[in-house]
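J.: Structure for the following, please:
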Amino acid sequence: VKYYIEKGIIPPCERLLNLLGADPSRWWMDMKRDYRGKPSMHKLAERVLSERAYRRKTVDQYFHSHHCVVCDTESLTGVCEKCMQRPQETVATLMNAQRRGEAEMQRMRHLCQECTGCKEGVKACASIDCPVFYERRDAEEHCKGAAQIR
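T.: Residues are numbered from 1 along each chain as shown. I've put the predicted structure just below:
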């Protein structure tokens, strides 16, 4: 999917939308990469804290998942009724997911530091050809959403 979007969809969209001052490449780079696959902490935080959540006109704001972030069942709210009735288990599950996300983010940052050869590896790297770049951004978004929930 990523290859098809980057090589097949974005170039013609850029040719058209650049005339209007829009930047599809920037939209794609800023877009969260959790299409629908698994519910993310960031999506929950946006739903729960929608008044305070940032609003930008990007393509990703039209992709919404209506699934519980804990058990992945369909739910119009971020957490389904079943999970709301078990608050301790739900919080433990969310905290465990946050811990795993933070560990993944640290692993990605370490990879970037090794690749760039400097402690500021994350800031030094801007290669959109690097597969770790997007994985690191996903992990950072996940952790940002988890922090908002706390």
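
J.: Which positions in stretch 111-118 come out as buried?
T.: Across stretch 111-118, burial judged by 16 or more other C-beta atoms under 10 Å covers 111-113. No exception for glycine: its C-beta is placed from N, CA and C like everyone else's.

J.: Among those, which are located in strands?
T.: Judged by DSSP state E, the buried residues of stretch 111-118 include no members of strands.

J.: C-terminal to the one helix or strand in the chain whose mean pLDDT sits lowest, what's the next element?
T.: The helix or strand of the chain with the poorest confidence is helix 41-48; it has a mean of 59 (mean pLDDT, DSSP states H and E). Next helix or strand after helix 41-48 toward the C-terminus (DSSP states H and E): helix 81-84.

J.: what bits of the chain have low per-residue confidence?
T.: 32-65, 121-126, 145-150 (pLDDT under 70).

J.: Would you mind splitting this structure into its domains for me?
T.: 1-30, 35-85, 86-140 (automatic domain parsing).

J.: What's the separation between residue 134 and residue 101?
T.: 15 Å (C-beta to C-beta, to the nearest Å).

J.: who's more crowded, these two?
T.: Between residue 134 and residue 101, counted using other C-beta atoms under 10 Å, the more crowded position is residue 101 (22 against 15).

J.: so which strand or helix has the more buried one?
T.: Counting by DSSP H and E, residue 101 is found in helix 87-116.

J.: Show me what counts as buried in that helix.
T.: 90, 94, 97-98, 101, 104-105, 108-109, 111-113.

J.: From the residues you listed, pick the one nearest residue 119.
T.: residue 113 (6.2 Å; C-beta to C-beta).

J.: Does that closest one touch residue 119 like I think?
T.: Yes: counting by C-beta atoms under 8 Å, residue 113 touches residue 119, with 6.2 Å between them.

J.: That's all I had, so thanks and see you.
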